[in-house]
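Student: Whatever this is, show me its structure:
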Amino acid sequence: MAGLIIASLDEATLAQAACLLADLDPDLAGIYARLGPPPLWAREEGFPTLLYIILEQQVSLASARAAYQRLLAAATPLTPESFLQMDDLELKSIGFSRQKTGYGRNLARAILQGELDLAALGWLDDSEVRSQLLKIKGIGPWTANIYLLMALLRPDIWPRQDLALAVAVQRVKRLASRPSLDEMEALSQGWRPWRAVAARMLWQDYLSSNGRRIT
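Tutor: The predicted structure follows:
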């Protein structure tokens, strides 16, 4: 509901919820026993983080991280105004595709024109936050959910569109094939109201099983 501060995760509630999920689900218990509580993976609210998530769409995390670091070096501070001052060639050299350049500019303009108030999102419930973000061309369900999960730290967000999450679910639940979006949704129901914590545990397992750094 608008006008209410929505509870968000912190390190303490994350650890408590991970322990609770491990008690409820033997497969998550296996992750918890091997790896302990997952990282919070918190990001600051605001334009830079949402732009970073746009960069992460359909590319490797390492590629997006490298492009984002180049962007921060080129535009400090990174604001809607400074982003709009950059031309196509600059953004291409940083790692923005033509499509993501357009998405970033749509976002920057929406903020400057008052169509999107990122500072106000913390006062809205999850569905209202999604509604506000999805108005912006270039922001789909995955991007909106990752912002809710990592920037707003909402506890029950389930980014079922995430490929790594689906791969982790298939492995942890020993499924014959990668789950569909509907199957992802159904599988998550037993983890309410801590699905964002379950997602972190599954990402933690995904990174560990692929020999990647968990930080």
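
Student: Please count neighbours and contacts with C-alpha atoms only from this point.
Tutor: OK.

Student: For the residue of the chain most remote from its centre, list the residues it contacts.
Tutor: In the chain, L89 marks the outermost C-alpha relative to the chain mean, sitting 27.8 Å out by C-alpha atoms, centre = their mean. Going by C-alpha atoms under 8 Å, 6 or more residues apart in numbering, L89 touches no other residue.

Student: Which helix or strand contains it?
Tutor: helix 88-94 (DSSP states H and E).

Student: tell me what whichever helix or strand comes after that helix is packed against?
Tutor: Moving toward the C-terminus from helix 88-94, the next helix or strand (DSSP H and E) is helix 98-112. The helices and strands touching helix 98-112, judged by 3 or more C-alpha pairs under 8 Å, 6 or more residues apart in numbering; DSSP states H and E, are helix 47-56, helix 80-84, helix 88-94.

Student: out of those, deepest packed?
Tutor: Mean neighbours per residue, mean count of other C-alpha atoms under 10 Å, is largest over these for helix 47-56, with a mean of 21.

Student: Could you tell me the angle between it and helix 98-112?
Tutor: Here the directions of helix 47-56 and helix 98-112 differ by 160 degrees (axes from the mean of the first three to the mean of the last three C-alpha atoms, to 10 degrees).

Student: how far out from the middle of the chain is the helix or strand following helix 47-56?
Tutor: Later in the chain than helix 47-56, the nearest helix or strand by DSSP H and E is helix 61-74. Taking C-alpha atoms, centre = their mean, to the nearest Å, one finds the center of helix 61-74 at 16 Å from the center of the full chain.

Student: Alpha carbons of helix 61-74, as PDB, please.
Tutor: Presented in PDB, the C-alpha positions along helix 61-74 are these (Å, rounded to 0.1, in the frame of the first residue of the first chain):
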ATOM      1  CA  LEU A  61      27.700 -10.600 -15.300                       C
ATOM      2  CA  ALA A  62      31.400 -10.100 -15.900                       C
ATOM      3  CA  SER A  63      30.700  -8.300 -19.200                       C
ATOM      4  CA  ALA A  64      28.100  -6.100 -17.600                       C
ATOM      5  CA  ARG A  65      30.300  -5.300 -14.700                       C
ATOM      6  CA  ALA A  66      33.200  -4.300 -16.900                       C
ATOM      7  CA  ALA A  67      30.900  -2.000 -19.000                       C
ATOM      8  CA  TYR A  68      29.500  -0.500 -15.800                       C
ATOM      9  CA  GLN A  69      33.000   0.300 -14.500                       C
ATOM     10  CA  ARG A  70      33.900   2.000 -17.800                       C
ATOM     11  CA  LEU A  71      30.700   4.000 -17.500                       C
ATOM     12  CA  LEU A  72      31.500   5.100 -14.000                       C
ATOM     13  CA  ALA A  73      34.900   6.200 -15.100                       C
ATOM     14  CA  ALA A  74      33.500   8.200 -18.000                       C
END
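
Student: Perfect, I'm done here.
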